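J.: give the three-dimensional model of this entry:
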Amino acid sequence: MHPFRLLCFCCLLLQGSHAATLTLALRHTVGGQPLRLDSLRYRNAHDELFAINRLSYLVANIALQDQQGQWHNIPNALAWLDAAARRTQLELSALPQHTYQAIRFDIGLSAEVNHSDPAQYAAQHPLNPNLNNLHWTWQSGYIFLALEGRYRDNSGQLQGFVYHFANDPQCTTVTLPLPQTIAAGSLIDIDFDIAALLNAPSSLAFGQHGASSHSRKDDPITTALKNNLRSAFQLRRIQTAPAATNEPPKPPIDFPASYTAHGFQMSRRFPIPDLPSDNPLIEERIELGRLLFHDPRLSADNSIACASCHKTEAAMSDNRTKSIGIDGQRSRRHSMPLFNLAWKQQFFWDGRAPSLRQQALIPIEDPTEMGETLPNVLNKLAADTDYTDLFAKAFRSRAITATNLGLALESFLLSLTSDNSRFDQAIQSKAELSEAEQRGFELFMTEYEPRSGQYGADCFHCHGGALFTDNRLHDNGLKADNDLGLAAVTQRHIDAHKFSTPSLRNVALTAPYMHDGRFETLEQVIEHYSSGIQRRATLDPNLSKHPAGGLPLSTTDKAALVAFLKTLTDPQYLTD
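T.: Predicted structure coming up:
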């Protein structure tokens, strides 16, 4: 554990009075047409119908060549680009004034940067693992390019493919000629053609070559991707760049003149979180949020507190399938655990709340949970002089508002971290794992890829990293019920059955499992991934690339996985 102070990061700093600025824009295409994610509409050279679900990659080591042939490297030129996140541009500065005739960049990282400590990077740095989800988790190094999607096989069945292009030898330099003078304020528009990445000069067939690649040595898929990368990028045009519209950090809301700063505690292995600039963590707000979280007066009949459904001894979850609200009503979904929320960006099982301050207020007015109205809650709190004093200490004004109620609850929830399990102790050589637990960890972190001789449990794709979650939403192949998950929020059919990936930390304490609590034991959860996967169009590619039904794990391997998962329990959550 160590205290953390939020850092500001400016990746591309303009240096010197004679520097020019330049913007690179990557246009993701398939055969010259704009890429449409999740659309089963494209065909490769082998006439296989396919869709792209994920395109995410790292661009580094950008340089421009002047007319004398000298290359000028752009300091700190590094970007994470992602089609789904609509990250397609990077601004270059510290650019000497010359007439340039070519540009080059790497898809990938130098060996030094690739094997650097991922926990050192600020929240919005391109190499922060919580931002890009491209780090190999407990192994060293980053995925340089992730291409994932679905394809229809010869029998007409939908299958998944997952190509993860990585490892030092695969860092690939792309060089493009520039046909005109580059002036300050220019935008270089470049096409990244996925059809070329898959087809030229080395043609890839999902069904023939294999549905997955993790860039192991002498992997023909990796070789083909590297051969194709250089021809997948083409200069489209050079134009004037639009004015930058970067928003400054939001100032603190109703911040008190006197306060006690909170030393945010987290493991040195955790990525730096993106804490809200408008709600800095101070002890006065955290303590107020703690009291509010445990106060049943937030409910209509003064019987239900937030803590009623999020118990400490259940790792801030509820061991009932559905929590009990006012009048004995059951909630719609199982209560999620509440720790390490500082690294999340979407809340609830369906991701409908974009912040903790919004999420924290919704159960208050949910008729099946606390069944109250916010005006009534504010009146109750205002009638208590202890609360008016506490709000006055936590905020500049004495007013008790819905905004400040949400900020106080958010502060308390952000302070809840978990990083001290027996597994963490073993990583630090302060404890030892048994043979079965070590085997479980090996299975957890190893892909299932028979063509390369790998027969792991492939858990790390969604539950990797020090947080043991990617904090994203996936369809994990559960037998469908009436709950559409993310699709009910987005109204997109491709989002059906997608739910938030919970952290596996403290998982032994948070039974039952899944959004509806359908599995009572860890053994049942693992059996689902071994034999119960339901195949459909929305199934995550990391699961649909596996055999029908799931991974054929042995009884011994299933037991080893359970043994490992039990090492992730943090002692602070063993008692109330």
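J.: what confidence value was assigned to the spatially closest residue to residue 529 that is not a sequence neighbour?
T.: Sequence neighbours aside, residue 550 is the residue nearest to residue 529 in space, at 5.1 Å (criterion: Cβ to Cβ, 6 or more residues apart in numbering). No exception for glycine: its C-beta is placed from N, CA and C like everyone else's. Per-residue confidence at residue 550 stands at 91 (pLDDT).
J.: ok, now residue 324?
T.: With respect to pLDDT, residue 324 scores 95.
J.: near it, how many other residues are there?
T.: Residue 324 has 17 neighbouring residues, counting by other Cβ atoms under 10 Å.
J.: beta partners for it?
T.: In this structure, residue 324 has beta-bridge partners residue 330, where bridges are defined by DSSP bridges.
J.: and it, what does it touch?
T.: Applying Cβ atoms under 8 Å, 6 or more residues apart in numbering, one finds that residue 324 lies in contact with 304, 308, 309, 330, 331.
J.: go again using 10 Å as the cut-off
T.: By Cβ atoms under 10 Å, 6 or more residues apart in numbering, residue 324 lies in contact with 303, 304, 308, 309, 318, 330, 331, 368, 369.
J.: what subset of those is buried?
T.: Among the contacts of residue 324, the ones that count as buried by 16 or more other Cβ atoms under 10 Å are 304, 308, 309, 318, 331, 368, 369.
J.: give me the phi and psi for residue 489.
T.: Backbone torsions for residue 489, taken as degrees, to the nearest 10, come to phi -90, psi -50.
J.: to clarify, my last question referred to residue 188.
T.: In this entry, residue 188 is assigned phi and psi values of phi -100, psi 110 (degrees, to the nearest 10).
J.: before we move on, what about residue 116?
T.: Backbone torsions for residue 116, taken as degrees, to the nearest 10, come to phi -70, psi 170.
J.: quick check: it touching residue 128?
T.: No. The pair residue 116 and residue 128 does not pass the contact test of Cβ atoms under 10 Å, sitting 11.8 Å apart.
J.: of the two, which one has the most company?
T.: Residue environment comparison for residue 116 versus residue 128 gives the larger neighbour count to residue 128, 23 against 16, counting by other Cβ under 10 Å.
J.: quick one, what contacts that one?
T.: Residues touching residue 128, when contacts are defined by Cβ under 10 Å, 6+ apart, comprise 9, 80, 118-122, 134-135, 271-274.
J.: can you check residue 138 too?
T.: Contacts for residue 138 were tallied using Cβ under 10 Å, 6+ apart; they are 269, 427, 441, 444, 445, 460, 464, 465, 466.
J.: show me the buried ones among the contacts of residue 324 that map onto helices.
T.: Using DSSP state H, the members of the buried ones among the contacts of residue 324 that fall within helices are 308, 309.
J.: from the buried ones among the contacts of residue 324, pick the one nearest residue 248.
T.: When the buried ones among the contacts of residue 324 are compared for distance to residue 248, the smallest value, 36.9 Å, is given by residue 369; criterion: Cβ to Cβ.
J.: in helices only, show me the contacts of residue 138.
T.: 427, 441, 444, 460.
J.: which intervals of this structure have sub-threshold pLDDT?
T.: Residue ranges of the chain with pLDDT under 70: 1-20, 243-245, 576.
J.: so what are the domain limits for it?
T.: Partitioning the chain according to automatic domain parsing yields domains covering residues 13-240, 264-414, 422-573.
J.: need those in JSON lines (columns: distance to residue 249).
T.: Supplementary listing: the domains of the chain in JSON lines, determined by distance: least, Cβ to Cβ, whole Å:
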{"stretch": "domain 13-240", "distance to residue 249": "10"}
{"stretch": "domain 264-414", "distance to residue 249": "4"}
{"stretch": "domain 422-573", "distance to residue 249": "22"}
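J.: make JSON lines out of the contacts of residue 128 and add distance to residue 454 and secondary structure.
T.: Below are the contacts of residue 128 laid out as JSON lines (distance: Cβ to Cβ, whole Å; DSSP: H, G, I helix; E, B strand; the rest coil):
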{"residue": "9", "distance to residue 454": "36", "secondary structure": "coil"}
{"residue": "80", "distance to residue 454": "27", "secondary structure": "strand"}
{"residue": "118", "distance to residue 454": "23", "secondary structure": "helix"}
{"residue": "119", "distance to residue 454": "27", "secondary structure": "helix"}
{"residue": "120", "distance to residue 454": "30", "secondary structure": "helix"}
{"residue": "121", "distance to residue 454": "29", "secondary structure": "coil"}
{"residue": "122", "distance to residue 454": "34", "secondary structure": "coil"}
{"residue": "134", "distance to residue 454": "20", "secondary structure": "coil"}
{"residue": "135", "distance to residue 454": "19", "secondary structure": "strand"}
{"residue": "271", "distance to residue 454": "26", "secondary structure": "coil"}
{"residue": "272", "distance to residue 454": "32", "secondary structure": "coil"}
{"residue": "273", "distance to residue 454": "32", "secondary structure": "coil"}
{"residue": "274", "distance to residue 454": "34", "secondary structure": "coil"}
